[in-house]
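1. following is a predicted model, sequence given first.
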Amino acid sequence: MPISNPSLPSVPDGLHVDGLTLDTSGLLITARTTAAQACCRVRRRASVRVHSRYWRTFDDLPWQDRSVTWRVQVRRFRCGHCPGRIFAERVPGLGTRKARRSDQLAEAQTDIGMVLGGEAGARLSRRLAMPVSGDTVLRLIRRRGTVPSPLPRVIGIDDWAWRRGRSYGTIVCDLERRRVIDLLPGRSSAPVRDWLTAHPSVTVVSRDRSGPYAEAARTGAPRATQVADRWHCSSTLPRPCAASSSGTSPRYETWRTAPCTTPPAPLIWRRRRQRQRT
């Protein structure tokens, strides 16, 4: 039956609605396809020989803060040009082959995941009557792929911890677009040098003052300008300034570790008990 109420979900072309069921869980729409024939995906030939029928389920965009589910009866056809081949007809306007959600719902959940991520996007989707798991949101994000971006010109290189204290890697960021470009294994100069060699468009390399990164930038991008990033400058500048103002320089003076003046643990406990008694 056609849905004439404009407030209800729209029916795609090629589907005939047989029933509507509204309960606390959401809106269930039962429908069937109406095309007289279907096209084989291999031979690209139309067929009218119906083999059997089965049901497909699609989740759709919510309606009135209620989840919408389509239950569509789909037919299988025999291909007259492929001996023994049976194929299923497509559901127009709802979803692609083997899909469990409509194209509109997948697009909305992907947009939410691109902004919030997996688990946070799943929580917001459930609040908006579009229940989904965090893993599914991540799969939708990976399915969309990445938008090709211009070649990087100004990059920042620094180390980061895969597991703090055990394994480290190198992160490469595009400072002009404020995006992470790549993650490299280890903190040695070889991976960074190879990466810079494969990206000759880099003109400025912002890094810390470590030797391996300096060597990698010098050998991998010899024409690029090397600069020290602002965070490392601000974090390491106060100590040399304090040393120069006091007349001492850590470059020429050997610093000796002062003996430990902290009393042993039993003495600390004894003094603490004495204070509690008084």
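-> Yep, that arrived. Numbering: from 1, shown residues only.
2. where does residue 214 land in three-state SS?
-> helix (DSSP: H, G, I helix; E, B strand; the rest coil).
3. surely it and residue 207 touch.
-> Yes - in this structure, residue 214 is within contact of residue 207 by Cβ atoms under 8 Å, at 7.0 Å. (Glycine included, C-beta is placed from N, CA and C.)
4. and those two? Which one has more around it.
-> Between residue 214 and residue 207, counted using other Cβ atoms under 10 Å, the more crowded position is residue 207 (21 against 15).
5. isn't that one right next to residue 231, touching?
-> No - the pair residue 207 and residue 231 does not pass the contact test of Cβ under 8 Å, sitting 11.2 Å apart.
6. give the residues shared as contacts by residue 214 and residue 207.
-> residue 226 (Cβ atoms under 8 Å, 6 or more residues apart in numbering).
7. quickly note the distance from residue 102 to residue 33.
-> According to Cβ to Cβ, to the nearest Å, residue 102 and residue 33 sit 15 Å apart.
8. pick out whichever of those two has more residues nearby.
-> More neighbours surround residue 102 than the other of residue 102 and residue 33, with 22 against 19 (other Cβ under 10 Å).
9. check contacts around the more buried one.
-> Residue 102 makes contact with 58-61, 70, 94-95, according to Cβ under 8 Å, 6+ apart.
10. find the nearest non-adjacent residue to it, please.
-> Nearest residue to residue 102, sequence neighbours excluded (Cβ to Cβ, 6 or more residues apart in numbering): residue 60, at 4.5 Å.
11. bridging residues for that neighbour?
-> residue 68 (DSSP bridges).
12. could you dump the helix or strand hosting residue 52 to CSV, C-alpha only?
-> Per DSSP states H and E, residue 52 falls inside strand 49-63. What follows is strand 49-63, C-alpha atoms only, in CSV (Å, rounded to 0.1, in the frame of the first residue of the first chain):
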residue,chain,number,x,y,z
ARG,A,49,12.0,-16.8,-14.3
VAL,A,50,11.4,-16.6,-10.5
HIS,A,51,13.2,-19.3,-8.5
SER,A,52,12.2,-18.5,-4.9
ARG,A,53,11.6,-15.8,-2.4
TYR,A,54,13.3,-14.7,0.9
TRP,A,55,13.3,-11.9,3.4
ARG,A,56,15.8,-9.1,3.8
THR,A,57,16.0,-6.7,6.8
PHE,A,58,17.2,-3.1,6.6
ASP,A,59,17.6,-0.5,9.3
ASP,A,60,16.7,2.9,8.2
LEU,A,61,16.7,6.5,9.5
PRO,A,62,14.6,7.1,12.6
TRP,A,63,11.1,8.4,12.5
